[in-house]
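Participant: The amino acid sequence is not available; the structure is as follows:
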RNA sequence: GCCGCGUUCGUCUAGGGGUCCAGGACGCCGCCCUUUCACGGCGGUAGCACGGGUUCGAAUCCCGUACGCGGUACCA
C-alpha cells in the first residue's frame, strides 16, 4: 500500500465547495501525504445543466485557504491531464463504445416520456420507483430489443441516444472497503446505469472509472453517498478489464437536526455550509482543518490539537469511524479560540487592523492595536470579535447598558465619578498609566470608605458603556487621559438628564 | 417499498472477550482565582439502542428487532 499512492478529490463545479467536500479533500490529502503519494484535483464538470462558472475557482481558493496543496490539477498541470472532464470527453465515448462492442453495454433510444410511462405503468406500493434494469430493458427501445439494422439506421440518422450499462441479472458483487470491510450487493437491485448521456457527455459513473484508471488512482476515498453506486463501478472496471482501485467510503457529516449537512438544515443553526463562508467569517483555517480531521477520525490517543504534520504522520483509514458525525459548532469554536490565541500578537494585530479600517477606525498605531489584541483575545472566538466586542477601544460608546446602569448607578454615584474624574485630570498624560489610575480610584474609594466596585463599575460604564470587559485600568491607560475624561463627561451628562 | 451502511456520555470519540462498576475532548453544572466579565485551575454530571445466543466471562463475536443515515435520475 505504500507503493505509488495516488488519490483524487473530484468535486463537481455545481456550486460552492461544501464543508463536507473539504473534509473529503482533507482525508484524501492526509492519506496521500502519509504515504508520500500524490493528491490530485479533478473537476467533474459533466453536468452541463448544473454547471456554475465560479465554482471551480471557489474550489481552488478554498483548498488553498485550507492548506491542501494539490500535486496535480487543472491549475497545476501534471502528466495525467487534462484534469477537467469536459476536456476529456472523447475518451469516455471511446470506452463506452468499447463496452457496447463487448456486449456489456447497449444503445437506448427511449425518450424521457417513454421511460416515464414505463415507470408509471409498473409503479406499485411494493415498487415505488421501477428501474430500467435487466427485466424492464427487454420491453424498451434499445439495441437489445431492436433489430440490428434498425439500430444502425437510428444511429446513422443521428437520433438521440444514450448508452446504458448491461447489469448482469443475478450475481453478487462484492468488494472490500477499507473502512467498512466486506460489502456486497445483488446485481438484481441495480439499474442499467446510463453511461453516456444524449449530449455525448458521460455520467459520473463512467467518467470516474475511466479517469481513475487512466490517472492511475490507487485509492478512491469519497463520501458514503457513493457506496450504493460502487458495485456499478466495480462492474465497469471488470468489463473494461481494469483492476479497480481500493475503495474507502467516508462517513457523512450530519446536521444536529439530522440528515446530511445541507444548506437547509445547517444555516439556520448558524453552521456555515460553504467553505467560502468560513473564509468570510474569518475562521482560522488551522482550526477548521483540525476540527474536520476529528469528524470521523481519531488518533487513538488523547491528543486534540494536531499540527498538519502530526495529522499526516498519524493518519490512517483504519482509524476512520463508520458512522456519521454530527457537526458541533461549539467544538469548532473551541478550536478556533485555541488557534487564535496561539497566534503571535503582532500578526493578529495586523489582521485586526484590516477589520478596524474597514469600519472606519483608521490611523491607529501598531502598538495601540497590539494592546487591543492583548486586552480582547481571551474573550474572542473569532478574529473580528476583537473589533466587535472591543468597539469601545476604537470609539466612544453610543449607548450605555441599561441593565448595568440600573444595578451600578446609585444616588451619589455621579458625585463619586466626578471626583474620580477631577483627580485623574490632575495626572499628566505620562502619568496616566494603569497602575496610577488604579491608585487614584483606590484613593477615592478608601477616602469614602466604600467598596471598590461602587466606583469601579460606574467608571467602567461611563468609559466603555458596558458592565463588563477587560481590565478597566489597562483600558483607560490605552484610551488616554483626555479621551477618558471626555467620555466620563458625556456619560455624566447623559445619565444626569435621565 | 427495495437495496446498502451504521448504532459507546447531549456532541466528537477511545475501546478490537477478562486490566471497563467504560477513558479523553467539546458542551453543561459547581468551586477556586479575580472587588467586573473572560481566561485559567480544580471537581462534577452523563453513555455501551433492545432482545436472543456463543463463552467460565461480551461494550467487544453471531443472529434478530428497533431506530438513524445513504442510495433508488440522461445529478454528482
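Facilitator: Good, I have the coordinates. None of these values were measured; they are calculated from a predicted model. Numbers count the residues shown, from 1 in each chain, chains lettered A, B, ... in the order given.
Participant: Which stretches in the stretch 251-400 of chain A count as strands?
Facilitator: With DSSP state E, counting those that start in this stretch as the criterion, the stretch 251-400 of chain A has strands at A:253-254, A:325-326.
Participant: elements contacting the last one?
Facilitator: Helices and strands touching strand A:325-326, by 3 or more Cβ pairs under 8 Å, 6 or more residues apart in numbering; DSSP states H and E, are strand A:253-254. From N, CA and C alone the C-beta is placed, and that goes for glycine too.
Participant: rerun that using 6 Å as the cut-off
Facilitator: Contacting strand A:325-326 under the criterion 3 or more Cβ pairs under 6 Å, 6 or more residues apart in numbering; DSSP states H and E is no other helix or strand.
Participant: Let me know the average pLDDT across that strand.
Facilitator: The average pLDDT for strand A:325-326 rounds to 96.
Participant: and it, how far from the chain's centre?
Facilitator: Distance of strand A:325-326 from the chain centroid (Cα atoms, centre = their mean, to the nearest Å) equals 14 Å.
Participant: Which stretch among the strands of the stretch 251-400 of chain A is buried most, on average?
Facilitator: strand A:253-254 (a mean of 22; mean count of other Cβ atoms under 10 Å).
Participant: and residue A:398, how many neighbours?
Facilitator: Residue A:398 has 8 neighbours, counted by other Cβ atoms under 10 Å.
Participant: which residues does it contact?
Facilitator: Neighbouring residues of residue A:398 by Cβ atoms under 6 Å, 6 or more residues apart in numbering: there are none.
Participant: and it, backbone torsions?
Facilitator: Phi and psi for residue A:398, reported as degrees, to the nearest 10, are phi -80, psi -30.
Participant: Now do it, the pLDDT please.
Facilitator: Taking residue A:398 on its own, its pLDDT is 90.
Participant: same deal with residue A:401?
Facilitator: pLDDT at residue A:401 comes out at 88.
Participant: what does residue A:264 give?
Facilitator: Reported pLDDT for residue A:264: 83.
Participant: still on that earlier bit, so can I have TSV of the strands of the stretch 251-400 of chain A showing distance to residue A:346?
Facilitator: Output for the strands of the stretch 251-400 of chain A, formatted as TSV (distance: least, Cβ to Cβ, whole Å):
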stretch	distance to residue A:346
strand A:253-254	36
strand A:325-326	37
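Participant: got the contact list for residue A:321?
Facilitator: A:251, A:296.
Participant: Same check on residue A:254?
Facilitator: A:324, A:326.
Participant: ok, what's across the strand from it?
Facilitator: residue A:260, residue A:326 (DSSP bridges).
Participant: Quick check: residues of the stretch 51-200 of chain A near RNA strand B?
Facilitator: Residues of the stretch 51-200 of chain A lying close to RNA strand B by Cβ under 7 Å from any atom of the strand are A:110-112, A:115, A:125-129, A:131-132, A:160, A:162, A:180-181, A:183-186, A:189, A:191, A:194, A:197-199.
Participant: I misspoke; the intended subject was the stretch 201-350 of chain A.
Facilitator: Counting by Cβ under 7 Å from any atom of the strand, the stretch 201-350 of chain A sits next to RNA strand B at A:201-205, A:224-229, A:251-252, A:254, A:256, A:258-260, A:294-298, A:300, A:302, A:304, A:318-319, A:321-326, A:328, A:330-331, A:333-334.
Participant: how close does the residue nearest the centre of chain A get to residue A:235?
Facilitator: In chain A, the residue lying closest to the centroid (Cα atoms, centre = their mean) is residue A:19, at 2.4 Å. Applying Cβ to Cβ, to the nearest Å, the value for residue A:19 to residue A:235 is 32 Å.
Participant: Sketch out the low-pLDDT regions of chain A for me.
Facilitator: Where chain A drops to pLDDT under 70, the residues are A:1-3, A:497-498.
Participant: Find the residue closest to the closest residue to RNA strand B within the stretch 301-450 of chain A in space, skipping its chain neighbours.
Facilitator: For the stretch 301-450 of chain A and RNA strand B, the shortest gap (Cβ to the nearest atom of the strand) falls at residue A:323, measuring 2.8 Å. Using Cβ to Cβ, 6 or more residues apart in numbering and skipping the chain neighbours, the partner closest in space to residue A:323 is residue A:251 (5.6 Å).
Participant: what's near enough to touch that neighbour?
Facilitator: A:224, A:296, A:321, A:323, A:324, A:325.
Participant: on that earlier part again, PyMOL command for the buried members of the residues of the stretch 51-200 of chain A next to RNA strand B?
Facilitator: To isolate in PyMOL the members of these that are buried, counting by 16 or more other Cβ atoms under 10 Å, one can use:
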select buried, chain A and resi 110+115+131+132+162+180+183+185+191+194+197
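Participant: closest to residue A:239 out of the strands of the stretch 251-400 of chain A?
Facilitator: strand A:253-254 (33.5 Å; Cβ to Cβ).
Participant: Many thanks, I have nothing further to ask.
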